[in-house]
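S.K.: Below is the sequence, then the predicted model.
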Amino acid sequence: MNLSKASVGSPLTFDAIAERAGLAARYAEAAAYLAAAQDGPGMAHALGCAGRALLAASQAASTLRPAKQEASR
């Protein structure tokens, strides 16, 4: 993945985003395996965890966006 050098933000913020997005991917993969095994409750749990991890990654990413007031300048 090629991240622009123009991106601003703490390396810790990017680390948090990477960790949460990776966790979401692992849960989604687990959900796919559980769906193939026809394990409905396990699949539903894994999908819920994936969604929460993705939401956490998205919230962390939102801290990197400029505020609307700054963007209009």
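M.R.: Done, it's in.
S.K.: Past the top helix by length along the chain, which element shows up next along the chain?
M.R.: Ordering each helix of the chain by length in residues (DSSP state H) puts helix 11-36 first. Heading C-terminal from helix 11-36, the first helix or strand you meet, by DSSP states H and E, is helix 40-62.
S.K.: Mind listing what's buried along that following helix?
M.R.: Within helix 40-62, the residues that count as buried by 16 or more other CB atoms under 10 Å are 43, 46-47, 49-50, 53-54, 56-57, 60-61. Just so you know, the C-beta spots here come from the backbone N, C-alpha and C atoms, and that holds for glycine as well.
S.K.: Figure out how far stretch 19-33 is from the centre of its chain.
M.R.: Distance of stretch 19-33 from the chain centroid (CA atoms, centre = their mean, to the nearest Å) equals 9 Å.
S.K.: Ok, stretch 39-51 next?
M.R.: That offset, for stretch 39-51, works out to 16 Å (CA atoms, centre = their mean).
S.K.: Please save the CA atoms from it in PDB.
M.R.: Output in PDB follows, covering the C-alpha atoms of stretch 39-51 (Å, rounded to 0.1, in the frame of the first residue of the first chain):
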ATOM      1  CA  ASP A  39     -22.500 -22.100  11.600                       C
ATOM      2  CA  GLY A  40     -25.000 -19.300  11.800                       C
ATOM      3  CA  PRO A  41     -24.400 -18.200  15.400                       C
ATOM      4  CA  GLY A  42     -20.600 -18.200  14.900                       C
ATOM      5  CA  MET A  43     -20.900 -16.400  11.600                       C
ATOM      6  CA  ALA A  44     -23.200 -13.700  13.100                       C
ATOM      7  CA  HIS A  45     -20.900 -13.200  16.000                       C
ATOM      8  CA  ALA A  46     -17.800 -12.800  13.700                       C
ATOM      9  CA  LEU A  47     -19.700 -10.400  11.500                       C
ATOM     10  CA  GLY A  48     -20.700  -8.300  14.400                       C
ATOM     11  CA  CYS A  49     -17.100  -8.200  15.600                       C
ATOM     12  CA  ALA A  50     -15.900  -7.300  12.100                       C
ATOM     13  CA  GLY A  51     -18.300  -4.400  12.000                       C
END
